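A.B. asks: task: produce atomic coordinates for the following.
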Amino acid sequence: MRIAYPFSAIVGQDEMKTALILTAVDPAIGGVLVFGDRGTGKSTAVRGLAALLPPIAVVEGCPVNSSSPAEVPDWAGPVGRRIVRRPTPVVDLPLGVTEDRVTGALDIESALVHGQKRFQPGLLAQANRGYLYIDEVNLLEDHVVDLLLDAAASGENVVEREGLSVRHAARFVLVGSGNPEEGELRPQLLDRFGLSVDVVSPADIDTRVEVIRRRTAFDADPEGFARKWRGRDGAIRNRILAARERLADMPAPEPFLRDSAALCLALGADGLRGELTLVRAARALAAYQGDAAPDRSHLRQVAAAALRHRLRRDPLDEAGTEVRVARVVTEVFG
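C.D. replies: The predicted model follows:
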């Protein structure tokens, strides 16, 4: 089994790591979009986070990672009733992928050899209760984008073609990465990502040297390197698990909600999805930090990630979206 690079060993990129942690605390936040330079640890961070999370309980043999026999879809056929533990799934969705590979399709071999109509599950089934990672998400074909939008909105994959009528759970954290210089993301898909972060290559020599030092040590001895960082990864895991429990009782005080609404109004964010994401992310951050309730300090920390990709373009304002968010946060909160 391939050893993932430890999440806690990633140098810098704090905003990206925090965004991923918040989606682990509350998957309802809606995923993370990571834009920036190549080779800045985007896919490494996703796999590292999934590796440090506790295994999920699944029904043995279930193709959609159901947590109990009652949730196993009828088309799955006979599966065991034993509950086993498996690592949190991380599924890559490659560019040029076909619709059948994403949603699933008729099992041609079964139809030709046995004369039976059987459903062959796709990537959405494999990613259920885990992460669906898309590199170069801005280059994804439109018809695949539409499939992802449908699944992300409903939490369910529905396939009705070739005489099949199949549905199954498809609840996953969508993580996309890309280089903005290679093309823009469709607004409909952009809005589906709960958080958006920008990553850049380290600008100082000491940081770059530390990245090289750690990566070289990992490549030379993956097991030894992972063992060295296991304690720090375990501490993050424990904080995430504690935050999940805390989140159920985490309040949303009236002043906090009014601050969220005021911030979104001042920024001119389209719709209410950004506001809902801002509230969820701030509550998840409060839970992760062990605070009793979210307040302005939490909103300040997550505002850029939750709102930067939802702002209308202002041709008269040459400032970047992060600068605009920071400026408005200061104007609203003081």
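
A.B. asks: quick one: low-confidence ranges for this structure?
C.D. replies: 1, 107-117, 162, 312-320 (pLDDT under 70).

A.B. asks: strands of that one, start to end?
C.D. replies: Taking DSSP state E to define them, one finds strands in the chain at 32-36, 56-59, 83-86, 90-92, 104-106, 119-121, 131-135, 156-161, 164-169, 173-178, 195-199.

A.B. asks: mind putting those strands in a markdown table, mean neighbour count and distance to residue 227 included?
C.D. replies: C-beta: built from backbone N, CA, C; applies to glycine. Shown next, in a markdown table, are the strands of the chain (neighbours: other CB atoms under 10 Å; distance: least, CB to CB, whole Å):
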| stretch | mean neighbour count | distance to residue 227 |
| --- | --- | --- |
| strand 32-36 | 24 | 28 |
| strand 56-59 | 19 | 24 |
| strand 83-86 | 12 | 21 |
| strand 90-92 | 18 | 21 |
| strand 104-106 | 20 | 39 |
| strand 119-121 | 20 | 35 |
| strand 131-135 | 24 | 24 |
| strand 156-161 | 16 | 38 |
| strand 164-169 | 18 | 36 |
| strand 173-178 | 25 | 27 |
| strand 195-199 | 23 | 27 |
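
A.B. asks: residue 233 is nearest to which of those?
C.D. replies: strand 90-92 (15.5 Å; CB to CB).

A.B. asks: ok now the closest one, how far from the chain's centre?
C.D. replies: Remark: strand 90-92 is offset 11 Å from the chain centroid, using CA atoms, centre = their mean, to the nearest Å.

A.B. asks: can you pull the domain assignment for this protein?
C.D. replies: Here the domain parsing of the chain from automatic domain parsing is 7-199, 254-333.

A.B. asks: wait, which of these is closest to residue 233?
C.D. replies: Comparing the domains of the chain by CB to CB, domain 7-199 comes nearest, at 4.2 Å.

A.B. asks: and that closest one, how far out from the chain's middle?
C.D. replies: So, by CA atoms, centre = their mean, the centroid of domain 7-199 is 9 Å from its chain's centroid.

A.B. asks: what's stretch 15-26 in contact with?
C.D. replies: 7, 10, 29-32, 34, 41-42, 45-46, 49, 53, 173, 175, 194-195, 197-199, 236, 240, 243-244, 247, 280-281, 283-285, 287-288, 301-302, 304-305 (CB atoms under 8 Å, 6 or more residues apart in numbering).

A.B. asks: the helices in the stretch 101-250 of the chain, which residues?
C.D. replies: Assigned by DSSP state H, counting those that start in this stretch, the helices in the stretch 101-250 of the chain fall at 108-114, 123-127, 142-154, 187-192, 205-220, 222-247.

A.B. asks: ok, back up a step: out of the domains of the chain, nearest to residue 218?
C.D. replies: Across the domains of the chain, the minimum distance to residue 218, taken as CB to CB, is reached by domain 7-199, at 7.4 Å.

A.B. asks: return stretch 71-80 as PDB; C-alpha atoms alone will do.
C.D. replies: In PDB, the C-alpha atoms belonging to stretch 71-80 read as follows (Å, rounded to 0.1, in the frame of the first residue of the first chain):
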ATOM      1  CA  GLU A  71     -28.400   1.400   2.900                       C
ATOM      2  CA  VAL A  72     -26.900  -1.000   0.300                       C
ATOM      3  CA  PRO A  73     -28.700  -0.300  -3.100                       C
ATOM      4  CA  ASP A  74     -30.800  -3.100  -4.600                       C
ATOM      5  CA  TRP A  75     -28.800  -3.300  -7.800                       C
ATOM      6  CA  ALA A  76     -25.600  -4.100  -5.800                       C
ATOM      7  CA  GLY A  77     -26.600  -7.700  -5.600                       C
ATOM      8  CA  PRO A  78     -25.600 -10.000  -2.700                       C
ATOM      9  CA  VAL A  79     -23.000  -8.400  -0.400                       C
ATOM     10  CA  GLY A  80     -21.800  -9.500   3.000                       C
END
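
A.B. asks: pretty sure residue 308 sits against residue 196.
C.D. replies: Yes: under the criterion of CB atoms under 8 Å, residue 308 makes contact with residue 196 at 5.6 Å.

A.B. asks: on that earlier part again, of the helices of the stretch 101-250 of the chain, flag the one that's most buried.
C.D. replies: helix 123-127 (a mean of 24; mean count of other CB atoms under 10 Å).

A.B. asks: Throw the helices of the stretch 101-250 of the chain into CSV and include distance to residue 253, thanks.
C.D. replies: Formatted as CSV, the helices of the stretch 101-250 of the chain follow (distance: least, CB to CB, whole Å):
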stretch, distance to residue 253
helix 108-114, 56
helix 123-127, 35
helix 142-154, 29
helix 187-192, 27
helix 205-220, 38
helix 222-247, 15
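
A.B. asks: how about the closest residue to residue 160 other than its chain neighbours, what does it touch?
C.D. replies: In space, and not counting its chain neighbours, residue 160 is closest to residue 166: 7.6 Å by CB to CB, 6 or more residues apart in numbering. By CB under 8 Å, 6+ apart, residue 166 lies in contact with 73, 75, 104, 119, 158, 159, 160.
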